[in-house]
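Need the 3D shape of this:
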Amino acid sequence: MILWIPLQGWVAGFMMMSFPVVVIIHLVSIPIWFIVERKRALMPLIMVGLAVLFLPRTYSFGNDTDPDVLAKSFSVMNYNVHSFQRNEDLKDPQVRKSVSDMKAWMTSSEADILCMSEYFSDRGNLFNINRALDSSGYGHSAFYTKNTSGSPTQSAGLAIFSKYPIIAKRDTIFEAQNGLLQADIKIKGDTVRIIAVHLYSMTLKLSTLVRQKQVEGVKKEGKITFQRMRNGFVRRSVEMGILESWINASPHPVIVCGDFNEIPYGYVYSKMRGLLKNGFEEKGEGFGFTFNHLPYFIRIDHQFYSGDRLQIQDFTTFNNVDYSDHYPVMGHYQFSNADAKAAEQAKRD
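Residues are numbered from 1 along each chain as shown. Purely as a prediction, here's the structure:
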């Protein structure tokens with residue numbers, strides 16, 4: 001079921017983002033109204049009842065996975081790697097160790113396809129991620145065609161690495177490191193279209209707002225936060241139009257994954273949910289929060305897939321992998337029988 005406020009602008013974005021807070025307030029008010037005046041408890045009860053419709057977006061109860069079926073699937077991981085911490089103090093031995101540990105974790109993740117937002121690699125030993133992944137079996141890759149770093153030795157922005165052949169590529173850059181990157185990947189006779197996304201970032205800096213101790217400081221930071229959020233809602237709704245056209249144009253089953261900068265109640269998420277199935281909702285577990293900084297309790301990294309042509313077998317949020325300000329997520333997929341048969345027939349022809 002597709003549920004969201006039928007408005008594309010920032011007003012709808014704020015309303016849907018406040019939805020969890022409104023539900024919590026009503027939950028708290030129910031016992032109070034039962035004590036004070038029971039009739040007035042009816043409205044918050046209705047509100048909480050309506051909120052149940054959004055439960056699949058919020059919490060997943062998990063599913064048992066058959067190891068034999070899982071062994072026959074292919075896996076896709078998306079991870080906002082935060083430039084592999086290149087903006088931290090690289091003179092600090094602990095930081096350098098953390099970068100090395102992160103690189104080691106990525107190369108041993110066992111995902112068949114890696115999609116990374118805020119990717120960074122250069123020819124230096126510490127940040128030569130391209131070479132490390134290539135030597136770990138990821139022999140096929142796709143990047144932005146535009147070199148956003150300004151250096152011929154560096155790769156920056158969105159990246160897709162695959163253990164299977166990439167037979168076609170496409171990209172578009174919205175601005176800086178935000179954009180879309182598409183790769184058609186051949187997997188044992190079938191083809192899947194991977195669309196890696198990094199939609200407009202809000203960069204809210206909530207820690208700065210929280211640290212304010214003066215009223216004027218709170219007002220100033222609150223206004224800046226509001227403006228950034230409003231701008232984000234507008235930008236992402238425009239980007240969604242481009243993403244939708246890419247999905248609709250695909251002759252292959254699609255997996256769209258990455259950093260959407262959008263919680264499960266917003267306009268973009270709801271539009272995506274109308275086009276494709278969501279991996280977390282189908283096979284995830286718990287709340288699946290993916291952000292590793294304030295406000296922590298949000299899920300903004302997603303995987304959507306063609307439910308009529310792909311079957312998802314498992315979905316994992318690695319919330320113990322804290323190298324970045326995001327957690328990585330991974331889904332295991334299989335081609336549906338009909339799609340596999342069509343690919344086999346095409347191979348014979």
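
Can you pull the phi and psi angles for the spatially most central residue of the chain?
Centroid check for the chain by Cα atoms, centre = their mean gives residue 301 as the closest residue, at 2.1 Å. The phi/psi pair for residue 301 (degrees, to the nearest 10) reads phi -110, psi 120.

distance of it from residue 90?
Using Cβ to Cβ, to the nearest Å, residue 301 is found at 26 Å from residue 90. C-beta: built from backbone N, CA, C; applies to glycine.

so who does residue 315 touch?
Neighbour list for residue 315: 60, 279, 280, 282, 283, 284, 285, 303, 329, 330, 331, 332 [criterion: Cβ atoms under 8 Å, 6 or more residues apart in numbering].

same thing but 10 Å
Under the criterion of Cβ atoms under 10 Å, 6 or more residues apart in numbering, the neighbours of residue 315 are 60, 62-63, 65, 278-285, 288, 303, 329-333.

now residue 71
Residue 71 touches 313, 332, counting by Cβ under 10 Å, 6+ apart.

Give me the pLDDT value at it.
For residue 71, the pLDDT comes out at 88.

just checking, residue 272 touches residue 246?
No. Judged on Cβ atoms under 10 Å, residue 272 makes no contact with residue 246 at a distance of 11.9 Å.

Need the residues touching each of these two.
Common neighbours of residue 272 and residue 246 (Cβ under 10 Å, 6+ apart) are 197, 256.

follow-up on the earlier one: tell me the predicted confidence for the residue nearest to the centre of the chain.
Value for residue 301, per-residue pLDDT: 97.

Tell me how far it lies from residue 244.
Between residue 301 and residue 244 the computed distance is 19 Å (Cβ to Cβ).

next one: residue 120
29 Å.

try residue 128
Distance, residue 128 to residue 244, using Cβ to Cβ: 36 Å.

now do residue 279
In terms of Cβ to Cβ, residue 279 sits 18 Å off from residue 244.

Which one of those two is surrounded by more residues?
Remark: of residue 279 and residue 244, residue 279 carries more neighbours, 28 against 15, as counted by other Cβ atoms under 10 Å.

I'd like the distance from the residue found closest to residue 187 once you drop the neighbours it is linked to in the chain to residue 186, if you could.
The shortest distance from residue 187 to any non-neighbouring residue, by Cβ to Cβ, 6 or more residues apart in numbering, is to residue 164 (4.9 Å). As defined by Cβ to Cβ, residue 164 lies at a distance of 6 Å from residue 186.

overlap in contacts of those two?
Joint contacts of residue 164 and residue 186 (Cβ under 10 Å, 6+ apart) are 140, 192.

Which one of residue 272 and residue 246 is surrounded by more residues?
Ranked by neighbour count (other Cβ under 10 Å), residue 272 and residue 246 place residue 272 first, with 23 against 17.

Phi, psi for the more buried one please.
phi -60, psi -40.

ok, and the closest non-adjacent residue to it?
Among residues not flanking residue 272 along the chain, residue 304 sits closest, at 5.0 Å (Cβ to Cβ, 6+ apart).

can you tell me the helix or strand for the one you found?
Residue 304 belongs to strand 301-305 when assigned by DSSP states H and E.

Would you mind listing the buried residues in that strand?
301, 302, 303, 304, 305 (16 or more other Cβ atoms under 10 Å).

Tell me the gap between the next helix or strand after it and the middle of its chain.
The first helix or strand that comes after strand 301-305 along the chain, using DSSP H and E, is strand 310-317. The chain centroid and the centroid of strand 310-317 are separated by 14 Å under Cα atoms, centre = their mean, to the nearest Å.

any idea of the mean pLDDT for strand 310-317?
Rounded mean pLDDT across strand 310-317 is 96.

quick one, helices of the stretch 51-200 of the chain?
For the stretch 51-200 of the chain, the helices defined by DSSP state H, counting those that start in this stretch cover 55-58, 67-71, 93-107, 129-134.
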